[in-house]
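S.K.: The amino acid sequence is not available; the structure is as follows:
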């Protein structure tokens, strides 16, 4: 298992690095069209061929990986921060604030995630600029995905509330706010970190689902979600199996996350 | 005790519906383009007629009036009219809901059958080969987006409920397996095994009764997961259920329809949670 984890870490590191260095590694910019070579098969110039608009698939895959791999952790950070604020304060402050936070958390957990996401996404214009669509998609994922983490964080904060060192700090006249920031939050770090890493693959998959439904990142900016839309053409996939490359990369990355998280309870 | 629990849950469902309704009404009210009436662009209308149209919508401008009217209509079973499809929402739901109920129901049966069939031997057997096999099998489905699974089923002309089942199954399997393995490590189970009681008997008489309440708790959550999976599956497999309707509403920016759909699925999820909670009580979880 340890070897598997090391391999997973290596694969993740490699994919992260390649996507970060997309400007250097990619043979072409993601939106550059080679109009003389649409739907070209893999070659030395185009390692994964070109799409129907003549754009290099390999370059788009690298840039798409960058979008998905950088912004999914950003969304996870947003949701973990939300969980820390709502769950942490609810668990520590207790009383009416805790009841309110629990009701809000239960409300969010009762609302089916994808339905809620579609509803909020529908509020915003569909023809937004590519950059805005990236921000909208991942912000929504981050802002709507905090509830399950908040529940775990609240449980952690509740148990810390009655711990000896917190009681001692309170007896010493330490302010509640100071205890929260100095004593409670640092001790919640392992819980928050676990919730962060659990959220990352979940957000990668959510973006892929939204992208395939046409509600994710807008073209021409690539992401794993909109790259997977090429799979909708079955006859093309059968004759051009390299179209499966984004799917293989997505599955490999999410699998690596799952292997690294295998010690954690990852039921979301 | 039972009545108290039931009343508490029903109250919770009511609060969630009221809160969800209010949030939904706020979304609809604040959506760009709200209150714009295409009829005002009709050049044949006089200024007086345009003013009359505007006056008729005056009440909708105040959020509170809008919400109370929304609630009053909801109580009468009037869910409004879909903007994008031009049909009453209640009519659309009655057409589409049975399709989703069938596919989600079948998907859940498949998910639970597969999940339990794989997890029970994992708790009984101590075979590392089986452990690797079951973990890899569930891991593959856990790493695939629901929409990709749906595409796969579209290509092989497979039944769409099976795609929903395969989205939910790995979660069921992993959770049930973990619960069973935790129960297997309890001291009285170890003692029972040390005394030579057979593996099947230990599983059936000692491990399962300990694990059933926790497994039942998952039942409600799995309903929510299955409804979530129904959106990409119904869209891609062209199955005319409420998942496809929600997608069409999102593309058409039909918020009244989306809000009603979200509230409806929330009520179904809460009812499923209530049922699983009552089942746990019936099983005597509190005594355990």
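M.R.: Ah, there it is. The structure displayed is predicted, hence computed values, not measured ones.
S.K.: What about residue B:21, how many residues nearby?
M.R.: Using other C-beta atoms under 10 Å in any protein chain shown, residue B:21 is surrounded by 18 other residues. No exception for glycine: its C-beta is placed from N, CA and C like everyone else's.
S.K.: Figure out how far the strand or helix carrying it is from the centre of its chain.
M.R.: In this assignment (DSSP states H and E), residue B:21 forms part of helix B:2-30. In this view, helix B:2-30 has its centroid 16 Å away from the chain centroid, taken as C-alpha atoms, centre = their mean, to the nearest Å.
S.K.: can you give me the helices for the stretch 51-200 of chain A?
M.R.: With helices called from DSSP state H, counting those that start in this stretch, the stretch 51-200 of chain A shows them at A:57-83, A:89-93, A:95-110, A:113-123, A:130-144, A:147-161, A:164-171, A:176-178, A:185-187, A:189-212.
S.K.: that older thread, report all helices and strands that whatever helix or strand comes next after the helix holding residue B:21 contacts.
M.R.: As assigned by DSSP H and E, the chain's next helix or strand after helix B:2-30 is helix B:47-56. The contact analysis (3 or more C-beta pairs under 8 Å, 6 or more residues apart in numbering or on different chains; DSSP states H and E) places helix B:47-56 against no helix or strand.
S.K.: Show me how far helix B:47-56 is from its chain's centre.
M.R.: That offset, for helix B:47-56, works out to 43 Å (C-alpha atoms, centre = their mean).
S.K.: re the thing from before, got JSON lines for the helices of the stretch 51-200 of chain A, with distance to residue B:131 and mean neighbour count too?
M.R.: Below are these laid out as JSON lines (distance: least, C-beta to C-beta, whole Å; neighbours: other C-beta atoms under 10 Å in any protein chain shown):
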{"stretch": "helix A:57-83", "distance to residue B:131": "29", "mean neighbour count": "23"}
{"stretch": "helix A:89-93", "distance to residue B:131": "35", "mean neighbour count": "22"}
{"stretch": "helix A:95-110", "distance to residue B:131": "31", "mean neighbour count": "16"}
{"stretch": "helix A:113-123", "distance to residue B:131": "30", "mean neighbour count": "23"}
{"stretch": "helix A:130-144", "distance to residue B:131": "33", "mean neighbour count": "20"}
{"stretch": "helix A:147-161", "distance to residue B:131": "26", "mean neighbour count": "21"}
{"stretch": "helix A:164-171", "distance to residue B:131": "40", "mean neighbour count": "12"}
{"stretch": "helix A:176-178", "distance to residue B:131": "47", "mean neighbour count": "10"}
{"stretch": "helix A:185-187", "distance to residue B:131": "34", "mean neighbour count": "14"}
{"stretch": "helix A:189-212", "distance to residue B:131": "22", "mean neighbour count": "22"}
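S.K.: Need those in TSV (columns: distance to residue B:172 and mean pLDDT).
M.R.: Output for the helices of the stretch 51-200 of chain A, formatted as TSV (distance: least, C-beta to C-beta, whole Å; pLDDT from 0 to 100):
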stretch	distance to residue B:172	mean pLDDT
helix A:57-83	24	92
helix A:89-93	29	87
helix A:95-110	18	81
helix A:113-123	17	74
helix A:130-144	24	83
helix A:147-161	17	88
helix A:164-171	38	89
helix A:176-178	42	87
helix A:185-187	33	90
helix A:189-212	17	90
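S.K.: Nothing else from me, thank you.
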